[in-house]
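**Student:** Provide a 3D model corresponding to the input given below.
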Amino acid sequence: MRRRVSLLAGLALAGAVCFGPSAASAALKTGATAPAFTTQASLGGKEFRFDLAEALARGPVVLYFYPAAFTSGCTIEAHDFAEATDAYRALGATVVGVSGDGIATLDRFSRSECRSKFAVASDVDHKISHAYDAVLGFGPLAYSDRTSYVIAPDGKIAYVYSSLDPSKHVANTLQALRALRASP
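**Tutor:** From the prediction side, this is the model:
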């Protein structure tokens, strides 16, 4: 049964990638107002309530969506964000990852793969990923797409990058934050 569910989930994910709309065309556009949300999150295995508006009051937010904790690409991406935490902090930014995983899974993922450096938030009902047009797949087999947003303190989306390849999300969002900081 487990193999069948994994196979079905894999086929749904592959189908969405091959036949669904491209992530870049589905993502919210630069200049759009970022949808507000509050959800359960974990940082270093400690659960808390993440509120986007509260985070934006402290500075820009890098909001990145990823398909599932403990998968190869998502683990690579989490390691990359963890390694760059000091650079994000120097730019005054908060980083939060969002997936459809439950909070118990994210407690473990935040400690091991995020190395207790940044928060990961739960979106089990996919309401947040739908609001950000960051959904890969459909129905009960839906996953979050791999899409990164830089949200300015005024709540406007300053940058969007969508790619299932995790290798450029950190470099691109850091570059966008530097450009945001340099703008008048």
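
**Student:** low-confidence ranges in the protein?
**Tutor:** Along the chain, the model assigns pLDDT under 70 to residues 1-26, 138-141.

**Student:** now the helices for it?
**Tutor:** Secondary structure of the chain (DSSP state H): helices located at 2-19, 23-26, 52-58, 72-83, 85-90, 103-112, 127-131, 169-182.

**Student:** now those helices as CSV including mean neighbour count?
**Tutor:** For the C-beta atoms, the positions are set from N, CA and C on the backbone; glycine is no exception. Formatted as CSV, the helices of the chain follow (neighbours: other C-beta atoms under 10 Å):
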stretch, mean neighbour count
helix 2-19, 12
helix 23-26, 15
helix 52-58, 15
helix 72-83, 18
helix 85-90, 14
helix 103-112, 19
helix 127-131, 17
helix 169-182, 17
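
**Student:** Now do the same contact list for the nearest residue to Arg111 once chain neighbours are set aside.
**Tutor:** Closest residue to Arg111 apart from its sequence neighbours, by C-beta to C-beta, 6 or more residues apart in numbering: Gly45 at 4.4 Å. Gly45 makes contact with 107-108, 110-111, 116, according to C-beta atoms under 8 Å, 6 or more residues apart in numbering.

**Student:** among the helices of the chain, which is nearest Ala41?
**Tutor:** helix 103-112 (7.4 Å; C-beta to C-beta).

**Student:** now that closest one: how far from the chain's centre is it?
**Tutor:** Centre-to-centre, helix 103-112 and its host chain are 15 Å apart (C-alpha atoms, centre = their mean, to the nearest Å).

**Student:** can you check stretch 126-143 too?
**Tutor:** Centre-to-centre, stretch 126-143 and its host chain are 12 Å apart (C-alpha atoms, centre = their mean).

**Student:** coming back round to it: which one among the contacts of Gly45 gets closest to Ser72?
**Tutor:** Using C-beta to C-beta, Arg108 comes nearest to Ser72 of these, at 16.4 Å.

**Student:** distance of the closest one from Leu177?
**Tutor:** 28 Å (C-beta to C-beta, to the nearest Å).

**Student:** ok, now how distant is Ala90 from Ser183?
**Tutor:** Distance of Ala90 to Ser183, given as C-beta to C-beta: 17 Å.

**Student:** Tell me how far stretch 153-164 lies from the chain's centre.
**Tutor:** Worked out by C-alpha atoms, centre = their mean, stretch 153-164 lies 11 Å from the chain centre.
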